[in-house]
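here are the coordinates; sequence isn't available:
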């Protein structure tokens, strides 16, 4: 399965290209050394995760709701962080921060304790649909039918992402 | 002209009041006839409404009126001057009044029925114009009448269901709804789908829409079940959704773990590439390297804050350098990255083999 001979525009190759590029940028900015603190590593981890999500969403462009939602979320978060780092305290910033912080809170909840907090099967499909809506980015404002569509595409993209990242990690740990 | 038309209209209205009862009865019969004729024919398309309209209109008119007026109506006439009978007929678009107007032309008994519609005499002009206006005007209320009984009439089952489905789906912006009995995948490509009511099921529009929606959801759930491993054995929507949620969560967690791994276990990439490229078959990469001499300059120009590293790296691996530079402008860099990608693909393939085993 050579990427050059098979479809160069496939999701996998698009994502792999973008992610490698981003990874190189991150590594070039702050190369890892044996003396890097855990804090640095955590920062890199965050950056790499953002790069992975962003490159995946970019590979899908705006064709899907979840990719649009991810891109918007990442952009607002980066904007908010940039404004915060510059120390500006304008009212616009607080408005954006409240919206972005709400989103960030949702993301944090999802990652930290959303996993073990799953309820039992109660009340039909409603509970699961709500959970699915929280998981899939941009799923809050969709009816069940479109939500299932988006979930299918999201699962496919996530699988591709995991595959490529695992391969790259294996490559880098070969040394 | 208006005064004369008003007087002519007044005179005609006096006669209208006398013939009101007769005209009302006949108009009622006429509209009923139209309704019967509308609902009787079976699978007619929407385009044949006008054909349906023409037919009963002319038929009914021929039944009631004299043949002379039928000739007049058969010949399509341009819209007459409205001002002539503006005073006489205040509601020209009321179907009952238009029927009455049709009868006036007959009951007036003028020989002017066959004359030109645009004659200048006010009274015959009003009658003639009423008769000539009758046909295009009648077609509009008849159309509105016909659409309503079709929607509300549940007697003709298949036709009404098809029409309801069509109208309902058209109203809902042509959302595709699944066909009832067979698998729904093919039907979803159509702009609208005929939903056939099964035996013993309700046929009103709400349950039809509900059923179509449920079937769409079920089709998508089946697709998801195929995507998620280990989900095809599970039955029941809620459990399947649980599995899907678990799968999505596990995938997201895997992404996070892998990014953590990449952050921690990512030393100098060029060294890795060295070992990788030597391990990989050289034939695959040699062809790419030949075109690599030029773009060595590009990353130096574009990368910021890494000048110190570049001379060291250039010494060791001048060919790998373009891979790690900012490549938006350089086109040649694509080939080494393609080589890396090909290696990634090869290892992906091997990973897949491992996972399958």
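Cool, the structure landed. This structure is a prediction, so every number in the text was calculated from the model and none was measured.

Quick check: closest non-adjacent residue to the most centrally placed residue in chain A.
Against the mean C-alpha coordinate of chain A, by Cα atoms, centre = their mean, the closest residue is residue A:53 at 3.1 Å. Using Cβ to Cβ, 6 or more residues apart in numbering or on different chains and skipping residues adjacent in sequence, the residue nearest residue A:53 is residue A:70, 5.8 Å away. Using the backbone N, CA and C atoms, a C-beta is placed for each residue, glycine as well.

How is that neighbour assigned, secondary-structure-wise?
Secondary structure for residue A:70, judged by DSSP: H, G, I helix; E, B strand; the rest coil, is helix.

now do residue A:34
coil.

Tell me how far residue A:67 lies from residue A:35.
38 Å (Cβ to Cβ, to the nearest Å).

got a list of what the residue nearest to residue A:53 touches?
A:53, A:54, A:56, A:57, A:137, A:138 (Cβ atoms under 8 Å, 6 or more residues apart in numbering or on different chains).

same thing but at 10 Å, please
Contact analysis of residue A:70 by Cβ atoms under 10 Å, 6 or more residues apart in numbering or on different chains lists A:53, A:54, A:56, A:57, A:58, A:60, A:64, A:136, A:137, A:138, A:154.

taking the residues you listed one by one, which sit in strands?
Taking DSSP state E, every one of those sits outside strands.

and which of those residues is nearest to residue A:23?
Ranked by distance to residue A:23 (Cβ to Cβ), the contacts of residue A:70 are led by residue A:54 at 11.8 Å.

can I assume that closest one is in contact with residue A:60?
No. Counting by Cβ atoms under 10 Å, residue A:54 does not reach residue A:60; the two are 11.0 Å apart.

and for those two, which residues touch both?
Counting by Cβ under 10 Å, 6+ apart, the shared contacts of residue A:54 and residue A:60 are A:70, A:71.

okay, and for chain A, where does confidence drop off?
Within chain A, the stretches with pLDDT under 70 are A:1-5, A:88-124, A:175.

ok, which stretches of it are helices?
Using DSSP state H, the helices of chain A run over A:11-29, A:38-60, A:65-86, A:91-113, A:126-135, A:144-172.

does any bit of the fifth one sit next to chain B?
Translated: helix A:126-135. Yes. Using Cβ under 10 Å from any Cβ of the partner chain, helix A:126-135 comes into contact with chain B via A:126, A:127, A:128, A:129, A:131, A:132, A:134, A:135.

I'd like the residues you listed laid out as JSON lines, including neighbour count and distance to residue B:247.
As requested, those are arranged in JSON lines below (neighbours: other Cβ atoms under 10 Å in any protein chain shown; distance: Cβ to Cβ, whole Å):
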{"residue": "A:126", "neighbour count": "11", "distance to residue B:247": "20"}
{"residue": "A:127", "neighbour count": "18", "distance to residue B:247": "17"}
{"residue": "A:128", "neighbour count": "23", "distance to residue B:247": "13"}
{"residue": "A:129", "neighbour count": "19", "distance to residue B:247": "16"}
{"residue": "A:131", "neighbour count": "22", "distance to residue B:247": "12"}
{"residue": "A:132", "neighbour count": "23", "distance to residue B:247": "11"}
{"residue": "A:134", "neighbour count": "15", "distance to residue B:247": "15"}
{"residue": "A:135", "neighbour count": "20", "distance to residue B:247": "10"}
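
ok, so of those, who is nearest chain B?
Of all the residues of helix A:126-135 next to chain B, chain B sits closest to residue A:128, with 3.7 Å by Cβ to the nearest Cβ.

Correct me if wrong: that closest one contacts residue B:240.
Yes. With contact defined as Cβ under 10 Å, residue A:128 reaches residue B:240; the gap is 8.8 Å.

In the host helix or strand of residue B:224, which residues are buried?
Counting by DSSP states H and E, the element that carries residue B:224 is helix B:205-227. Neighbour counts over helix B:205-227 (16 or more other Cβ atoms under 10 Å in any protein chain shown) mark B:205, B:208-209, B:211-213, B:215-217, B:219-222, B:224-225, B:227 as buried.

Thanks again, I'm all set now.
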